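K.L.:
this one's sequence-less:
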C-alpha cells in the first residue's frame, strides 16, 4: 500500500536528512553476507539515511535541470536529452524513497520496502535479476504513484509528472542516443539553420505555456525537461510536507533550500527565467502547503 502524506511524515519522524553517510553505505556497514541478502532481512533506524539520500538526489536533479536548460538553449538537442533523463532518474529515485519502496545497489540490485513505517523498519532482499535497474526503478515509481493519476487537490504538475514520457520509454531513448548509431540522434549538424533556430526559440520558453512545438521534428529533449520540472514539484512538495510535520527536519530543510537558491543565483545566472521562477516558488518552506489532511498518496 502506498503511504499517505501523513504516513510519510510519520515514517521520517525524528529525521533531519543530515546523516554523514548514504543509505547504501549504511547497508554496507551492516556486513551482511550474500546469503542474508538472498533470504532477506529486516533493518531499523535507517530512515534518516534515506532522507539524506533524498536531499542529495534533489540537489543532483536541480544541477541536471540547470545543465539541461543551458544545453537546450544552445542547440545541443540530442545530448541534452541524456542530461534531462538523469534529472528525471534522480527525481524518481528520490520519490520512491519517500514511499520507502525503492531499489538500491550493493554489489547487485537490492529491493527495499517498508515493513512497518511507524516503527521505521524496512525489509531488505536481493533481486535475482540485477539487469535493467533503471527501467525497474522507473516502473517502481509508476507503481508507487499510479493511484494519483487525474487526482484533484494538488496541482497540474502532479498530473504530468506521474505519467510516462509521451514520446516513449525514457531509458530506451537514452540508450539509443548513447549507445546506438541512429539517424534521429545527434541530428543537429544536419538541420537547416532556420529550423535549428526555430527549435532554440521554442526552447527558451516554458513548455508548460506553449504545448505545441513550433518545429518540424519532435523536440523530445524539451518535453523531457518539462517532465523533470513536474517531478521536481512532486518531490519538493512531499519534502515540504515532511518539514511541516517534523520540526527537527524543518530547520535543516529551510537551510538546505536557502543554500540551493543562493547557489543557483550566484553560480548559474543563465538559468531561464521560467525555471528560475519555479525554483523561487518551490525551493522554500511553505507552512501552508496543505490546508488539511484530506489529500493522500
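P.N.:
All right, it came through fine. Keep in mind that this is a model prediction, so the values were computed, not measured.
K.L.:
what is the mean pLDDT for whichever strand or helix holds residue 63?
P.N.:
In this structure, residue 63 is located in helix 47-72 according to DSSP states H and E. Throughout helix 47-72, pLDDT has a mean value of 97.
K.L.:
Equivalent analysis for stretch 171-191, please.
P.N.:
If you average the pLDDT over stretch 171-191, you get 86.
K.L.:
which residues sit against that stretch?
P.N.:
75-79, 81-82, 85, 132, 134-135, 138, 165, 167, 196, 199, 217, 220 (C-beta atoms under 8 Å, 6 or more residues apart in numbering). Every C-beta, even on glycine, is put in place using the N, C-alpha and C of the backbone.
K.L.:
can you rerun that using 6 Å?
P.N.:
Stretch 171-191 is contacted from outside by 77, 78, 81, 82, 85, 134, 135, using C-beta atoms under 6 Å, 6 or more residues apart in numbering.
K.L.:
Out of those, list just those in strands.
P.N.:
Of the positions in the contacts of stretch 171-191, not one sits in strands, assigned by DSSP state E.
K.L.:
Narrow those to those in helices?
P.N.:
77, 78, 81, 82, 85, 134, 135 (DSSP state H).
K.L.:
Are any of those buried, and if so which?
P.N.:
Among these, those that count as buried by neighbour count (16 or more other C-beta atoms under 10 Å) are 77, 78, 81, 82, 85, 134.
K.L.:
Leaving aside the residues adjacent along the chain, what's closest to residue 250?
P.N.:
The shortest distance from residue 250 to any non-neighbouring residue, by C-beta to C-beta, 6 or more residues apart in numbering, is to residue 243 (4.5 Å).
K.L.:
Would you confirm that the one you found contacts residue 249?
P.N.:
Yes: counting by C-beta atoms under 6 Å, residue 249 is a contact partner of residue 243 at 5.4 Å.
K.L.:
related to what we said a few turns ago, now the helix holding residue 63, how far from the centre of its chain.
P.N.:
Relative to its parent chain, helix 47-72 has a centroid offset of 7 Å by C-alpha atoms, centre = their mean, to the nearest Å.
K.L.:
helices or strands next to that helix in the packing?
P.N.:
helix 23-30, helix 77-98, helix 220-245 (3 or more C-beta pairs under 6 Å, 6 or more residues apart in numbering; DSSP states H and E).
K.L.:
Could you check how many residues crowd around residue 281?
P.N.:
Close neighbours of residue 281, defined as other C-beta atoms under 10 Å, add up to 11.
K.L.:
oh, I was asking about residue 79
P.N.:
By other C-beta under 10 Å, neighbour count at residue 79 equals 17.
K.L.:
Over to residue 189?
P.N.:
Residues near residue 189, counting by other C-beta under 10 Å, number 7.
K.L.:
One more: residue 203?
P.N.:
By other C-beta under 10 Å, 24 other residues sit near residue 203.
K.L.:
Begin at 21 from now on, thanks
P.N.:
Will do, 21 is the new start, and the previous item becomes residue 223.
K.L.:
show me the contacts for it.
P.N.:
So residue 223 contacts 92, 93, 242 (C-beta under 6 Å, 6+ apart).
K.L.:
give me that answer again for 10 Å
P.N.:
Residue 223 makes contacts with 88-89, 91-95, 97, 100, 233, 235, 239, 241-242, 245, 292, as judged by C-beta atoms under 10 Å, 6 or more residues apart in numbering.
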